[in-house]
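In: can't give you the sequence, but here's the structure:
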């Protein structure tokens, strides 16, 4: 489950909806999957990801991903891209933003200094990693970002700051590239042992870093690339790295008193994939040490590649333009890139060559001469589209039948572009809106889009269904489905009453895979659809998570014996009545997806059963 929040306003991407009600012998209190108006504490942020956006639509937009595991545990923060010329760090950090956790929590900031990444520079106004102890005037954007990072460090138990460093660190002088002054292939800490001024507690940073390096080096075949512990001795008077007293790790250790490390891969390693792999090996080793357990590791790396741009002309027409293609416009037309489709979702920027700012995504530009739209991921070019001027029309009128290229739709509010003949898979209850069609040699207003099995205007059915929100649970007529069972419906594109394109919609029934319950003794168990378990009278149960085939659990409701559930401050169930049986029912749009049966028994009887 994932929630997206813009600072100052919150927007649900996916959540469970918990209705309100009571039963005769059970009190069930469940909080909503996401607490939108107050910060979410780890105690209630289980098995979900919260995406916070700060300084939205600025050149220094800051995206933060808080990932909470199904089981409570420690929180580790990962920072990437605090200096924009170190791609190994921010590309590696980005891989963890999609991770799901069984236990523990992650706070991931993949691109702390987005503008410096775009420019591929170490700094813009100031070195962001030298602003953590400075008087913060907020006069520079770097200081505003650092204030957010400080707060996030305060929410963490550990900090990893991912970097690239020059050469290869060595405790003795070997060569100009391998010596004590170099940073590459090292795990940096500000002390070997730090003693807390508040509690007297010792942070054995050196011991931990050496163990991590030893574990990682077993899997690095070339000894030239082995990691070493690099003690900067930042707290000592004669340190050679006094500038590190202004860094994120020093702030974390000295002010927040948590273990913090800089992970440095070498800039001399030219293959970006190798550097990212080394970074993830170290991060994974720290996660294992801190008992932060991934549900599945999504650690893969492929070259960034633009698929297409959705380009709006004069606020009216939209065109899908593939990577490497061109678009004809008239002088004076206003052009805006409204959507970028690539093999990565984060770190993308749009650049109108010769005009605009660092990131021109969703900005209008008047075009009076040919230009090029370049798309970059983290400052590296991944595609381009040419804009050609002086075209007499948006698209040349040609004789014959138009060719459908794309159908633009929204699924639960999210825009999607489909090729002619493509299959669209949804789950019953998903809401489909037909936005527009893009065809060669015809204007979209001359074309009709007809969702067979749906009638938008019941008084005058013209076979034009653009703009209607189509609920796949309630709005479709089974007799018009292609299979006759309500599982397949064609979307037909017609030009002058002649079929020129088709998209097939395939509907999957919503289902509950399992529900996760934490029992009164603290043990957590997974129960599949139809499975039953026994609970004692007055035993407190906690509903941890519900796994379904619905993306983001949008529209999911949880009922008890078809009654409604009270919303309260904790996700708990307590049985105050006598023995009996009840069911937790998971549904969507009135469709029952699954149920778990609870048998309530006297505690003495349970003890005799040996539970």
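Out: Received, thanks. Keep in mind that what you see is a predicted model, and the values were worked out from it rather than measured.

In: C-alpha only now, for contacts and for neighbours.
Out: OK.

In: Whichever strand or helix holds residue 263 pairs with which strands, and in what direction?
Out: Assessed by DSSP states H and E, residue 263 sits inside strand 260-266. Paired neighbours of strand 260-266 in the sheet (DSSP bridges): strand 158-165 (parallel), strand 186-189 (antiparallel).

In: Relative to residue 243, which of those is closest?
Out: Nearest to residue 243 among the strands paired with strand 260-266 is strand 186-189 (13.5 Å), distances taken as C-alpha to C-alpha.

In: what about the protein, any weak spots by pLDDT?
Out: Counting by pLDDT under 70, the chain has low-confidence residues at 1-47, 134-138, 296-301, 390-401, 441-444, 561-579, 602-611.

In: Go through the lengthiest helix in it and flag the buried ones.
Out: Using DSSP state H to define each element, the chain has its longest helix at helix 272-289. Applying a neighbour-count criterion of 16 or more other C-alpha atoms under 10 Å, one finds 272-273, 275-287 buried in helix 272-289.

In: Show residues contacting it.
Out: Counting contacts by C-alpha atoms under 8 Å, 6 or more residues apart in numbering, the residues outside helix 272-289 that touch it are 76, 87-89, 91-92, 160, 162, 212-213, 215-216, 263-266, 269, 293, 299, 301.

In: Generate a PyMOL selection restricted to the buried subset of those residues.
Out: Typed into PyMOL, the line below selects the buried ones among these, using 16+ other C-alpha under 10 Å:
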select buried, resi 76+87+88+89+91+92+160+162+212+213+215+216+263+264+265+266+269+293
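
In: quick one: residue 166 and residue 180 touch, right?
Out: No. Using C-alpha atoms under 8 Å, residue 166 is not in contact with residue 180, being 11.2 Å away.

In: In CSV: the strands paired with strand 260-266, plus distance to residue 504.
Out: Putting the strands paired with strand 260-266 into CSV (distance: least, C-alpha to C-alpha, whole Å) gives the following:
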stretch, distance to residue 504
strand 158-165, 45
strand 186-189, 53
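
In: Nearest approach to residue 431 belongs to which of these?
Out: strand 158-165 (40.9 Å).

In: Okay, now the sheet partners of the helix or strand hosting residue 51, with direction.
Out: With elements taken from DSSP H and E, the one containing residue 51 is strand 48-54. In the sheet, strand 48-54 lines up against strand 2-6 (parallel), strand 62-68 (antiparallel) (DSSP bridges).

In: ok now it, how far from the chain's centre?
Out: When C-alpha coordinates are averaged (C-alpha atoms, centre = their mean, to the nearest Å), strand 48-54 and its chain have centres 8 Å apart.

In: Ok, stretch 273-283 next?
Out: On the basis of C-alpha atoms, centre = their mean, the separation between the geometric centre of stretch 273-283 and that of its chain is 20 Å.

In: same check, this time on stretch 505-513
Out: The chain centroid and the centroid of stretch 505-513 are separated by 23 Å under C-alpha atoms, centre = their mean.

In: before we move on, what about stretch 360-371?
Out: Shown here is stretch 360-371, whose average C-alpha point lies 29 Å from the average C-alpha point of the whole chain (C-alpha atoms, centre = their mean).

In: what's in contact with that stretch?
Out: For stretch 360-371, contacts defined as C-alpha under 8 Å, 6+ apart pick out 330-339, 349-354, 356, 386-389.

In: what do you get if the cut-off is 7 Å, keeping everything else the same?
Out: When contacts are taken as C-alpha atoms under 7 Å, 6 or more residues apart in numbering, the neighbours of stretch 360-371 outside the stretch itself are 331-338, 349-353, 386-389.

In: Also stretch 174-184?
Out: Counting by C-alpha under 7 Å, 6+ apart, residues outside stretch 174-184 touching it are 164-173, 264-267.

In: could you redo the last one with a cut-off of 6 Å?
Out: 165-173, 264-266 (C-alpha atoms under 6 Å, 6 or more residues apart in numbering).

In: Restricted to buried residues, select those residues in PyMOL.
Out: Buried residues within the contacts of stretch 174-184, as defined by 16+ other C-alpha under 10 Å, are selected in PyMOL through the command that follows:
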select buried, resi 165+166+167+168+169+170+264+265+266
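
In: Adding distance to residue 467, write the contacts of stretch 174-184 out as JSON lines.
Out: Written out in JSON lines, the entries for the contacts of stretch 174-184 read as follows (distance: C-alpha to C-alpha, whole Å):
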{"residue": "165", "distance to residue 467": "53"}
{"residue": "166", "distance to residue 467": "56"}
{"residue": "167", "distance to residue 467": "58"}
{"residue": "168", "distance to residue 467": "59"}
{"residue": "169", "distance to residue 467": "61"}
{"residue": "170", "distance to residue 467": "64"}
{"residue": "171", "distance to residue 467": "67"}
{"residue": "172", "distance to residue 467": "70"}
{"residue": "173", "distance to residue 467": "70"}
{"residue": "264", "distance to residue 467": "52"}
{"residue": "265", "distance to residue 467": "51"}
{"residue": "266", "distance to residue 467": "53"}
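
In: what's the closest of the contacts of stretch 174-184 to residue 422?
Out: For the contacts of stretch 174-184, the closest approach to residue 422 (C-alpha to C-alpha) belongs to residue 265, at 43.2 Å.

In: Wait, the closest one touches residue 187, no?
Out: No. With contact defined as C-alpha atoms under 6 Å, residue 265 and residue 187 do not form a contacting pair (8.9 Å).

In: tell me what the helix or strand where residue 600 lies is packed against?
Out: Element membership of residue 600 [criterion: DSSP H and E] is strand 591-601. Counting by 3 or more C-alpha pairs under 6 Å, 6 or more residues apart in numbering; DSSP states H and E, the packing neighbours recorded for strand 591-601 are strand 532-536, strand 580-588.

In: and it with strand 532-536, angle?
Out: Between the direction of strand 591-601 and that of strand 532-536, the angle (axes from the mean of the first three to the mean of the last three C-alpha atoms, to 10 degrees) works out to 40 degrees.

In: Give me the residues contacting strand 591-601.
Out: For strand 591-601, contacts defined as C-alpha under 6 Å, 6+ apart pick out 510-512, 529-536, 579-587.
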